[in-house]
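Peer 1: Curious how this folds, go ahead:
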Amino acid sequence: MTTRKLSAGDIIEARCTKCREVLNHRIVAMVEEKVVRVECNTCLGVHNYHAPPTAKEAKAPRKAAASKPRTTTAVPRASKKDPTELEREEWASLQPTFDLDKALPYDMNNRYQTKRLILHPVFGIGLVKAVIVPNKMQILFKDGIKLLRCHCL
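Peer 2: I've put the predicted structure just below:
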């Protein structure tokens, strides 16, 4: 039996990257005797040649004793809390310690220090959590942490 050499334009089986199946393809490009690019005859997609998977030998079945037995006393996974909910809880725990008379009105051109109370016209009372350079600070309000502009050193 003689086998004919493949050339551009011949039909070959290949794994299509679009269809995700082994289908007939037309050879588009070759390098020496190696198929490089093909065109799917079904979806007309042009892609690199992927040889169809070879038939694998059947594996011997595993023994049940070799695998680890599953424990039935697994601890249920704890659900994660919403970050904004955690921020609200933190604000609620700190709120009774606030001295509202010491709260500074918010002005983006002022300088602020951490753990300072701020009175914002929209968000209300807040606590400066961190001053971030350049010119920003994190403030914990009742609705959560907000990033506001400030004049930093």
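Peer 1: From here on, just use CA atoms for contacts and neighbour counts.
Peer 2: Will do.
Peer 1: For residue 33, list the residues it contacts.
Peer 2: Contacts here follow CA atoms under 8 Å, 6 or more residues apart in numbering; on that basis residue 33 touches 5, 6, 7.
Peer 1: how much space between the last one and residue 53?
Peer 2: By that I understand residue 7. Using CA to CA, to the nearest Å, we find residue 7 at a distance of 22 Å from residue 53.
Peer 1: And for the first one?
Peer 2: Summarising the geometry, the distance separating residue 5 from residue 53, computed by CA to CA, is 21 Å.
Peer 1: Strands of the protein, residue ranges please.
Peer 2: Applying DSSP state E to the chain gives strands spanning 11-15, 22-31, 34-40, 46-48, 104-105, 117-120, 124-132, 136-141, 144-149.
Peer 1: burial measure for residue 20, as a count.
Peer 2: Applying other CA atoms under 10 Å, we find 8 residues neighbouring residue 20.
Peer 1: how far away is it from residue 143?
Peer 2: 48 Å.
Peer 1: which among the contacts of residue 33 end up buried?
Peer 2: residue 7 (16 or more other CA atoms under 10 Å).
Peer 1: and which of the contacts of residue 33 is nearest residue 77?
Peer 2: The closest of the contacts of residue 33 to residue 77 turns out to be residue 6 (CA to CA; 57.2 Å).
Peer 1: Give me the pLDDT for the closest residue to the closest one other than its chain neighbours.
Peer 2: Excluding its sequence neighbours, the residue lying closest to residue 6 (CA to CA, 6 or more residues apart in numbering) is residue 33, at 7.3 Å. Listed pLDDT for residue 33 reads 87.
Peer 1: Brilliant, that's me finished.
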